[in-house]
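Asker: Provided below are the primary sequence and the corresponding predicted coordinates.
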Amino acid sequence: MTRLTATARAIAAMTAAVAFALAASCSSTPSADSTTGGAHTIEQDTDMTIIDIDIDGTTFTAHLEDNATARAFLDLLPTTLTMDELNGNEKYHYLDSPLPSEPQRVGTIHAGDIMLYGSDCIVLFYQTFRTPYSYTRIGSIADPGRLSNALGAGTASVTFSPEQAA
């Protein structure tokens, strides 16, 4: 094999590996946006559906969007999802069945956003950054300040449940 052929094959193999890795993930590494900071709070609307999210004993409150995706997600609750790490800014889990979706380019993802990628990938973001990718909004955690620490590194067990009465 000539040196040129070996180099071309090595480049082709690396290109295929990168393409496979990108296709296998929920989203690709977006560029961080250091100008937006990490805190994102949601103005509370009394008509919003509220859910609880428990991560290893730390409970968060999330407000769901008023859309078909959020309503279909609510129908799945309570549920505990094993969420995998991706890109140092999100946890994701592929559902067994698709949810209704209307993906839109969101521009900026905020820490605490709960989104649907494609029609079956739930994504919980714990960093704020700009993205060119399209998602369907499901909801947002009201106060995501402790979210990154609660999720930790690697896989996380996340329980989503209807809000418990106080």
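Answerer: It's in.

Asker: Is residue 48 in contact with residue 63, as I believe?
Answerer: Yes. Counting by C-beta atoms under 8 Å, residue 48 touches residue 63, with 4.4 Å between them. (Each C-beta comes from the backbone N, C-alpha and C, glycine too.)

Asker: For the two, work out which one has more neighbours and name it.
Answerer: residue 63 (21 against 17; other C-beta atoms under 10 Å).

Asker: okay but the more buried one is in contact with residue 53, surely?
Answerer: No. Using C-beta under 8 Å as the test, residue 63 is too far from residue 53 to be in contact (11.2 Å).

Asker: Any idea what the residue nearest in space to the middle of the chain is bridged to?
Answerer: For the chain, the residue nearest the mean C-alpha position is residue 123 (2.0 Å; C-alpha atoms, centre = their mean). Counting by DSSP bridges, residue 123 is bridged to residue 92, residue 115.

Asker: could you list every residue that touches it?
Answerer: 26, 27, 90, 91, 92, 113, 114, 115, 116, 117, 135 (C-beta atoms under 8 Å, 6 or more residues apart in numbering).

Asker: And for residue 50?
Answerer: For residue 50, the contacting residues are 61, 62, 63, 64, 163, by C-beta under 8 Å, 6+ apart.

Asker: In strands, which of those residues appear?
Answerer: Counted as lying in strands by DSSP state E, out of the contacts of residue 50, are 61, 62, 63, 64.

Asker: Just among those residues, which is most surrounded?
Answerer: Of all the ones in strands among the contacts of residue 50, residue 62 has the most neighbours under the rule other C-beta under 10 Å, reaching 25 neighbours.
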